[in-house]
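A.B. asks: here is my input; please provide its structure:
(chains A and B)
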Amino acid sequence: MAEERALAGVSEVQKKIRSAFDVFDHEQNQTVDVREIGTIIRSLGRFPTEAELHDVIAEIEEEEPAGFIRFEKFLPTMSRILMENKLRPVPEDLLLQAFEVLDQQKKGHLDPEELSRYLTQEGDPFSQEEMEEMLSAALDPEKNLIFYRDFVSMMTADEPW
Amino acid sequence: MRAALLIQRWYRQYVARLEMRRRCTWNIFQSIEYSGEQDQIKLYNFFGFLMDHFTPASSERNLISHIFRESEVFQDAEWEPYFCYKSIDVPDMYTGPHLTFPLTVNIITELVEAFKHKQHLHARYVLQLLGETWRLLRILPNINEVSTFHSKEITICGDLHGQLEDLLLVFYKNGLPSVETPYVFNGDFVDRGKDSIEILLILFAFQLVYPNDVHLNRGNHEDHIVNLRYGFTKEVLGKYRVHGKKILKLLQKIFSWLPLATVIDQKVLILHGGISDTTDLKLIAKLERNRYVSALRPPKRPQALSSSDGNARFSGGDWDQYSLVGRRRVRSLTHSNPASSRRELQRRSLQNYSTRTGHNVEEELRERRRWAGLSASCERIHDLPSSDSDPDSGEVLETDAEEWKQIVDMLWSDPMSQDGCIPNEVRGGGCYWGPDITEDVLNRHNLRLLIRSHECKQDGYEFCHNRRVLTIFSASNYYEVGSNRGAYIRLGPDLNPHVVQYQASRSTRELTLRQSVGRTERSALRALREQVFAHKSDLTSAYEEFDPEHTGVISMKHWAVATETVLQLGLPWRVLREQLVGDSTQDGIINYNDWFRELALMDPNTELAHTGLLETMYRHHSNLETIFRIIDTDHSGLISFEEFRQTWKLLSSHLKMEISDKAISDLALSIDFNKDGSIDINEFMEAFRLVDCSHAQILISMNGGTSPDPPQPSSPS
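C.D. replies: Numbering: from 1, shown residues only, chains lettered A, B, ... in the order given. Here you go, the predicted model:
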């Protein structure tokens, strides 16, 4: 019984991976552009760092990197990631804490310039475009401040499909 | 440091989720759009097939002929008076822009300003402008050759689709067309957007003033048959109630005279759709492009007489007008036919045949005789069969077929990433071509780059085939506000394309990523729900196969498989399930009856509800609209009961549906709201709008009343 359930579980996982992959498989030929792999993995509820992402890609790429990834290589790797719960989700409260760490004076908000500097230089730096996009969502335009609590709620509220 | 990593990881994840949704949404719109195009072509092929194979006894034959009868072919000397603008007066109270000819830049600038302020150009000036345009287009070659000498940079725009705001944005960013700022506009100026005629007038005006610096390529929407479905016909008739028909007629000619491609410095090829493995620019340069009034229908020459039965196989006739258009040599009547035969001809053939057309029939017959090598005396016109049931009622000559294929490929094809060349089943016309074909065709013609349009791209442009093919699309927010950017290309003497992007509507740019995705998504889901509703019976049958005991529930897996089998949209149903099915799903099980109930509430007492007629009508409503517009040849907006009935019979036999005559009559009566014996097309179409789920009613005014809820726009066509 347990085994049946486990097998059913595996098949469900594979279906999920298949669906996500299909969204980006424009030609319907079991391949996606390698640049979409990050999006696919994340849409499946995983939180890789850039380094982890590169590792995954290196593992599933063709021997001669051709710019695309084949499903037959993607499936086993991604299945393992999901079944073994790798690239684990970041708990929401940790995310809030990360912002609070930057807000040493406990004002409840952050300055956009400072945050931009920080996020484009530290960790896995954001590109200019990423930073601008995040600001457009996070910034309160009247006060020119980032009320991070609201922002965190918004980001964590959306259910992944 | 750790904080940064956490935030970054989370944010990227969030963006990826949004991107997934955006991509799904995009796929929805695109698949519905393409299946609509495919539908259109199928519908048209269906009518064409009927034309070729109609049965003798049917009154349907007359209807079909009537539908497809292009009005008289005009000899050059004859059409001028018809399209003459001079008899049209501009009233004193007209406050719109005035045109004087020859046009100058100042006049055009005022015209553009007027359009910005939502004014319309008076029909007199429209006809005058179109007349001048036609004169110019006739002398242009099929392939424009342009050069970047004097260090000119050329600007290339893609599809505009009636979105005036985008054209104005391009002019604002890039400058108006001029000797210093030459432009190529790569087709699809019309349809879908609401200012198609204004865009045409502006482009034509600039071309008249700068004929060496403004180049227009024909797109697949520069085609009156496509326009019937996708909104341009409707727009013109709405804006020009008195002269709209004339304007559309003249535009038919103009579209057929638009050049097919532009080549820059003999190295960069620009055309609307794409290429195929058989693309041959030499052939294209030589053909008579104006013979191909619509790319959806090949021109036919009447079949040569066979001596055995002496039958001149006179087909539905008016298709052959296409072939006559090109060979417009006026011949005098050297051979007089017995008057009786001519009368007979007229009686047998189509309604309202004028004597002018009668002459064309004469020419046609003479031509056939010549080809058959028979002397005039053998011709037995009165041997024309009373039934035109010949299967080969008009042949497509080999050269014509080849030329036609070249044109269709140029206007309808799309690139694919695999090698090879396969028919483009999704659109229903042209082909899918691969990188190897690009290499081959470009090398064969000594070209470096292919610039094309035809496909909407999220960023307004996209390279493919090792950057040898560049797609450029200039209609931003095409599917929905925030769906995509538009772009144009600047090309200098080094022939390296430089892309400039934009997005119309300030409010769009201010939408956050999330809001713009959300909005587009809601729109796509609405469109998708309509598709689902329209196929309810088929879907129900498919679900019941997995649910033999009719419990009303099936697993998600089965639901996905069944839905794709029926709708064939190639969409990721499992990913879409939550958004699409919503409350009727729980723990991987879907209650499909509940789901359908949510989508629509129907009055169980209507006979129509039981026959599935309503559902079918809804599914085919854009086809219906097209059909109605085709029937309504005088563009009056009204069709008779009989025409309506016959149309329904045709469509239902095509769809293999059983509909009783009584049901159709009842339906016709019910939509005749003002009880005057004719049906207003617009009111009829309005009756079939799917209202949003919260009220969820299909509107059918059985009593001639209107619905309590205002109708909402239906599918994005």
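
A.B. asks: tell me the SS of the residue nearest to the spatial centre of chain A?
C.D. replies: Closest residue to the average C-alpha location of chain A: A:Arg42 at 3.5 Å, with CA atoms, centre = their mean. When classified by DSSP: H, G, I helix; E, B strand; the rest coil, A:Arg42 comes out as helix.

A.B. asks: who's in contact with it?
C.D. replies: By CB atoms under 8 Å, 6 or more residues apart in numbering or on different chains, the contact set of A:Arg42 is A:Pro48, B:Arg12, B:Gln13, B:Val15, B:Ala16, B:Arg17. Heads up, the C-betas are built off the backbone N, CA and C, glycines and all.

A.B. asks: in this structure the third one contacts A:Leu44, no?
C.D. replies: No - the pair B:Gln13 / A:Leu44 is not scored as a contact, 10.1 Å apart, by CB atoms under 8 Å.

A.B. asks: can you list the low-confidence ranges for the stretch 451-600 of chain B?
C.D. replies: Applying pLDDT under 70 to the stretch 451-600 of chain B flags the ranges B:506-520, B:575, B:582-586, B:599-600.

A.B. asks: correction: chain A
C.D. replies: Residues of chain A that meet the cut-off, pLDDT under 70, sit at A:1-8, A:158-161.

A.B. asks: show me what the helix or strand that contains A:Ala58 is packed up against.
C.D. replies: Per DSSP states H and E: A:Ala58 is located in helix A:50-60. Helix A:50-60 sits against helix A:37-43, helix A:71-83, with contacts defined as 3 or more CB pairs under 8 Å, 6 or more residues apart in numbering or on different chains; DSSP states H and E.

A.B. asks: give me the element the closest residue in space to B:Phe149 that isn't next to it in sequence is part of.
C.D. replies: Distances taken as CB to CB, 6 or more residues apart in numbering or on different chains put B:Pro493 closest to B:Phe149, at 7.8 Å, once the chain neighbours are dropped. Of the helices and strands defined by DSSP H and E, none includes B:Pro493.

A.B. asks: torsion angles phi and psi at B:Pro493?
C.D. replies: B:Pro493 adopts backbone torsions of phi -60, psi -20, taken as degrees, to the nearest 10.

A.B. asks: around chain A, pick out the residues from chain B.
C.D. replies: Residues of chain B lying close to chain A (CB under 8 Å from any CB of the partner chain) are B:1-21, B:23-24, B:27, B:416-418, B:512-514, B:557, B:570, B:572-576, B:578-579.

A.B. asks: need the buried ones from these selected in ChimeraX.
C.D. replies: Buried residues among the residues of chain B next to chain A (16 or more other CB atoms under 10 Å in any protein chain shown), as a ChimeraX selection:
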select /B:3,4,5,6,7,8,9,10,11,12,13,14,15,16,17,18,19,20,21,23,24,27,416,417,512,513,514,557,570,572,573,574,575,576,579
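
A.B. asks: next step: the residues of chain B next to chain A restricted to helices.
C.D. replies: Those of the residues of chain B next to chain A mapping onto helices are B:2-21, B:23-24, B:27, B:513-514, B:557, B:573-576, B:578-579, per DSSP state H.

A.B. asks: which of the contacts of A:Arg42 lies closest to A:Met155?
C.D. replies: B:Gln13 (8.5 Å; CB to CB).

A.B. asks: contact partners for the closest one?
C.D. replies: B:Gln13 neighbours (CB under 8 Å, 6+ apart): A:Arg42, A:Arg46, A:Phe47, A:Pro89, A:Val90.

A.B. asks: likewise A:Ile69?
C.D. replies: A:Thr31, A:Val32, A:Asp33, A:Val34, A:Ile37, A:Ile57, A:Ile60, A:Glu61, A:Glu62.

A.B. asks: for the residue in the stretch 301-450 of chain B positioned nearest to chain A, give me the pLDDT.
C.D. replies: Here the stretch 301-450 of chain B gets closest to chain A at one residue, B:Ser417, 5.3 Å apart by CB to the nearest CB. On the pLDDT scale, B:Ser417 is placed at 86.

A.B. asks: quick one, what contacts it?
C.D. replies: By CB under 8 Å, 6+ apart, the contact list for B:Ser417 reads A:His26, A:Glu27, A:Asn29, B:Gly434, B:Pro435, B:Cys464.

A.B. asks: helices of chain A, start to end?
C.D. replies: A:2-24, A:37-43, A:50-60, A:71-83, A:92-102, A:112-121, A:128-138, A:148-157.

A.B. asks: typo on my end, the stretch 101-250 of chain B
C.D. replies: Using DSSP state H, counting those that start in this stretch, the helices assigned to the stretch 101-250 of chain B run over residues B:105-116, B:123-138, B:164-174, B:196-209, B:224-230, B:232-239, B:244-257.
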